[in-house]
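In: fold the stuff below for me.
(one chain, ligands or ions: 1)
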Amino acid sequence: MTDTSPKSQTPGQSTLSIWGGEQEHELYERSTQVPVVHSVSFAYKDIDTWHAVALEQAPGHIYSRNTNPTVRAFEDKVKELEGAEAATSFASGMAAISNIFGTFLRPGDRVVSIKDSYGGTNKIFTSFLPPLDIDVTLCDTVEYAEIEAEIAKGCTLLYLETPTNPTVKIIDIKRLAAAAKKVGALVVVDNTFATPINQNPLQLGADLVLHSASKYLGGHADALGGVACGSKDLIKMVYHYREINGATLSPMDAYSFIRGMKTLSLRVKRQNESAMTIATWLQNHPAIELVNYPGLETHPHHDVAKAQMSGYGGMLSFSVKGGLDAIKLFLPRLQYAHMAANLGCVETVVGPPVTTSHVECTAEERAAAGIPEGLVRYSTGIEDVEDLLADLEQALSCLIT
Ligand SMILES: *Cc1c(COP(=O)(O)O)cnc(C)c1O
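Out: Residues are numbered from 1 along each chain as shown. Next comes the predicted model:
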């Protein structure tokens, strides 16, 4: 007989979205929900206990720039969803990225990455790291021969992001992580677009996985934060850098993430389905020039996506015939979409990269990254997909003569 006792069952992603990190949290007056602990410091009645906690030899908290009970519950939830040993959090996704660089990069080191990383990350690569004598080589995103050759020359850190923003290119994490291992490089993956529901980079060979929690993890566009997961040893190093650097997540934002994440799996599965429906529909629309969505069989990296992702995500992008002028006409006509710079929330959000992900870049830099000025990034919300299609249809009708 098969053993169906609960203990033998590995919890699924919906169960972990809800219960992950919550069974261990510090209970307060028998509350079922993780309390928001608005306290800068934690007081002790005797010096020995205080000392033991301060030395991390006993459980507890000292000062909320370092650790806080609400923040810890959020970290534990993401840790379980990513199947990691440890996690630590930050005031924003960019803080997660810059603190990882601050922890592991020193003058003379070398980073290999891709041209299509998030705009802010790209800015760190092009403007902030070179003056510190850290060499950054940005390769064409899916040119494996070029990336592998650059890795083989020796590097400290390989930084990947997949699907990419906003062109949703897909990079084979397993393949490049294997190349990086050969030269002893640390492999870091920004998993913001995929979410832990669709992709778990640590299982594909990454050493560290990070998220802008401001996007899908929170899911309601009402809290800013970031998180990184990996082995206990690596996360300890990042944590110690961050506690001094000071880019700490606030307890209130941690609480918003905990609440938002309870529906993470539900939301993301709905977004996967709707994005697929919309991408397919857009492909056949006369006003549309091209549609980027990894779930489409016509997507150049569909096979890699199929192998490493369990869902194709809620992000797509498309270009409209007539470029930026056409977008200026069509986007404001959408009734069920915010024209805004965020993504990954319950509402549909649209925006051109020129005002969103790549606003930090010059037109030349965008062109070099293969981003047409007339591209639209479409973050599928959880509205009824029929309404989203009808909305696109009425808005796009103004472009058909
Ligand atoms: C938004 C985003 C970031 C930056 O996160 P913030 O929380 O805004 O600092 C990093 N990477 C990706 C892929 C993002 O979408």
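In: in this structure, what residue lies closest to the ligand?
Out: residue 93 (2.2 Å; CB to the nearest ligand atom). For every residue, glycine as well, the C-beta is placed using N, CA and C.
In: quick check: residues of the stretch 1-150 of the chain near the ligand?
Out: When proximity is defined as CB under 6 Å from any ligand atom, the stretch 1-150 of the chain approaches the ligand at 92-94, 118, 120.
In: wait, what's in contact with the residue of the chain closest to the ligand?
Out: Listed by CB atoms under 8 Å, 6 or more residues apart in numbering, the contact partners of residue 93 are 118, 190, 192, 210-215, 225-226.
In: what about 7 Å?
Out: By CB atoms under 7 Å, 6 or more residues apart in numbering, the residues touching residue 93 are 192, 211-214, 226.
In: tell me the bridge partners for the spatially closest residue to it that is not a sequence neighbour.
Out: Excluding the flanking residues, the one nearest residue 93 by CB to CB, 6 or more residues apart in numbering is residue 212, at 2.5 Å. Beta-bridge partners recorded for residue 212 (DSSP bridges): residue 226.
In: if we can go back for a sec, most neighbours out of the contacts of residue 93, which is it?
Out: residue 211 (32 neighbours; other CB atoms under 10 Å).
In: was I right about that residue contacting residue 225?
Out: No - at 8.8 Å, residue 211 does not count as touching residue 225 under the criterion of CB atoms under 7 Å.
In: what about the residue positioned nearest the centre of the chain, distance to residue 140?
Out: The centroid of the chain falls nearest to residue 192 when counting by CA atoms, centre = their mean (1.2 Å). Note on residue 192: its distance to residue 140, by CB to CB, to the nearest Å, is 21 Å.
In: what of residue 182?
Out: Applying CB to CB, the value for residue 182 to residue 140 is 21 Å.
In: ok, the two, which is more surrounded?
Out: Counted by other CB under 10 Å, residue 182 and residue 140 do not tie: residue 140 has more neighbours, with 16 against 10.
In: before we move on, the earlier item: dump the contacts of residue 93 to TSV, plus pLDDT and distance to the ligand.
Out: Output for these, formatted as TSV (pLDDT from 0 to 100; distance: CB to the nearest ligand atom, whole Å):
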residue	pLDDT	distance to the ligand
192	98	4
211	98	8
212	98	3
213	98	7
214	98	4
226	98	5
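In: what's the closest of these to residue 316?
Out: Closest to residue 316 out of the contacts of residue 93 is residue 192 (15.2 Å), distances taken as CB to CB.
In: in contact with that closest one: list those residues for me.
Out: 93, 211-212, 215.
In: ok now stretch 154-162, how far from the chain's centre?
Out: Averaging C-alpha positions (CA atoms, centre = their mean, to the nearest Å) puts stretch 154-162 16 Å from its chain's average.
In: buried stuff in that stretch?
Out: 155-162 (16 or more other CB atoms under 10 Å).
In: and if you look at stretch 175-188?
Out: 175-177, 179-180, 185-188.
In: what's the farthest-apart pair in those residues?
Out: 175 and 186 (16.8 Å).
In: surely the residue nearest to residue 93 and residue 226 touch.
Out: Yes - shown here, residue 212 and residue 226 form a contact pair, counting by CB under 7 Å, at 5.6 Å.
In: buried sites along the lowest-mean-pLDDT helix or strand in the chain?
Out: Least confident helix or strand, the chain: helix 363-368 with a mean of 75, by mean pLDDT, DSSP states H and E. Buried residues in helix 363-368, defined by neighbour count with 16+ other CB under 10 Å: 365-366.
In: ok, stretch 11-23 next?
Out: 13, 16-18, 20-22.
In: now those residues in CSV, with secondary structure and pLDDT?
Out: Below are those laid out as CSV (DSSP: H, G, I helix; E, B strand; the rest coil; pLDDT from 0 to 100):
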residue, secondary structure, pLDDT
13, helix, 94
16, helix, 95
17, helix, 95
18, helix, 94
20, coil, 93
21, coil, 89
22, coil, 86
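In: got TSV for the residues you listed, with distance to residue 342 too?
Out: Formatted as TSV, those follow (distance: CB to CB, whole Å):
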residue	distance to residue 342
13	23
16	25
17	20
18	24
20	24
21	24
22	26
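In: out of these, which is nearest to residue 350?
Out: residue 17 (26.3 Å).
In: number of residues surrounding residue 294?
Out: By other CB under 10 Å, the residues close to residue 294 number 29.
In: show me the contacts for it.
Out: Taking CB under 7 Å, 6+ apart, one finds 163, 168, 170, 301-302, 305, 312 in contact with residue 294.
In: in three-state terms, label it for me.
Out: Classification of residue 294 using DSSP: H, G, I helix; E, B strand; the rest coil returns coil.
In: just the buried ones among the contacts of residue 294, please.
Out: Applying 16+ other CB under 10 Å to the contacts of residue 294, the neighbour count classes 163, 168, 170, 301-302, 305, 312 as buried.
In: out of those residues, who's nearest residue 72?
Out: Nearest to residue 72, judged by CB to CB, of those is residue 163 at 29.8 Å.
In: skipping its backbone neighbours, what lies nearest that closest one in space?
Out: Per CB to CB, 6+ apart, closest to residue 163 is residue 193, 4.7 Å.
In: residues contacting the one you found?
Out: Here residue 193 is in contact with 163, 165, 313, 315 (CB under 7 Å, 6+ apart).
In: got phi/psi on the third one?
Out: Just to be clear, that refers to residue 313. Residue 313 has phi and psi values of phi 90, psi 170 when expressed as degrees, to the nearest 10.
In: ditto for residue 352
Out: Given degrees, to the nearest 10, the pair of backbone angles that residue 352 has is phi -80, psi 140.
In: next one: residue 50
Out: According to degrees, to the nearest 10, residue 50 has phi -60, psi -50.
In: pLDDT score for it?
Out: pLDDT, residue 50: 96.
In: ok, now residue 101?
Out: Looking at residue 101, the pLDDT reads 98.
In: which parts of the helix or strand harbouring it are buried?
Out: Assigned by DSSP states H and E, residue 101 belongs to helix 93-104. Buried residues in helix 93-104, counting neighbours by 16+ other CB under 10 Å, are found at 93-104.
In: setting aside sequence neighbours, what's the nearest residue to residue 180?
Out: Per CB to CB, 6+ apart, closest to residue 180 is residue 158, 4.1 Å.
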